[in-house]
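Visitor: Sharing a sequence plus its predicted fold:
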Amino acid sequence: AGVVVNSRDISDRKRVEAGLRDSEQRFRELFEGSPDAVFVEDFNGTVLDINPAACRLHRAAREDLIGKTVFDLVPPERREEVARDFQALVQGRLQQVEGASCTQDGRVVPVEVRASRVNYAGREAVLLHVRDITDRKLAEAALRSSEMLFHSVWENSADGMRLTDENGNIVAVNDASCKLVGISREELEGKPFT
């Protein structure tokens, strides 16, 4: 008995296979070229795949990271927190967390982790985008320091100071300003300067 092969079926199958190859190629290019560290991990936190940025983040070679667990890549004192957050990411209760990664030479790097579930090599896995947020943390600390300095100068100044908006309404006054005019902060703020 002969098998009848429809040329249209063969053509459709080839088109589907070509589309799958193109899709896999696009994914690989995005994965490899991402400026963020990208990890593929199983639901136990074992590293299945990484991109070059992950190697740079941890200052380690690819072969040194594949097979490690998420707990090997974080500071020891953060492992309990990471275990809790990782399970929440796997279960979809969290999509993003802030934490810390540990480089191979022991340096701690603040990171932001975003997660999504993916199918990897025929099994469910977690795709983690890990971004080094060192610069952001430094900027936040500098801003807090600046705000504290401003607040200290504002409140401890012997000079009366006030802030008004573009319409001439008082937004804020310091204690010296209140003493100068003999009116409480609550009575001044929100009122027109006049």
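Guide: Alright, I've got the coordinates. Numbers count the residues shown, from 1 in each chain.
Visitor: rest of the way, CA atoms for contacts and neighbours
Guide: Will do.
Visitor: Centroid-nearest residue for the protein?
Guide: When Cα atoms, centre = their mean is applied to the chain, the residue found nearest the centroid is residue 112 (2.7 Å).
Visitor: So that residue belongs to a strand, correct?
Guide: Yes: counting by DSSP: H, G, I helix; E, B strand; the rest coil, residue 112 falls inside a strand.
Visitor: Leaving out chain neighbours, which residue sits closest to it?
Guide: Spatially, and ignoring its direct neighbours in sequence, residue 112 is nearest to residue 98 (4.4 Å; Cα to Cα, 6 or more residues apart in numbering).
Visitor: Checking my notes, the one you found in a strand, right?
Guide: Yes: judged by three-state DSSP, residue 98 forms part of a strand.
Visitor: burial of it, as a residue count?
Guide: For residue 98, the tally of surrounding residues (other Cα atoms under 10 Å) stands at 15.
Visitor: quick one on the thing from earlier: where's the residue nearest to the centre of the chain relative to residue 182, distance?
Guide: Relative to residue 182, residue 112 is positioned 50 Å away (Cα to Cα, to the nearest Å).
Visitor: And residue 48, by the same measure?
Guide: Taking Cα to Cα, one finds residue 48 at 69 Å from residue 182.
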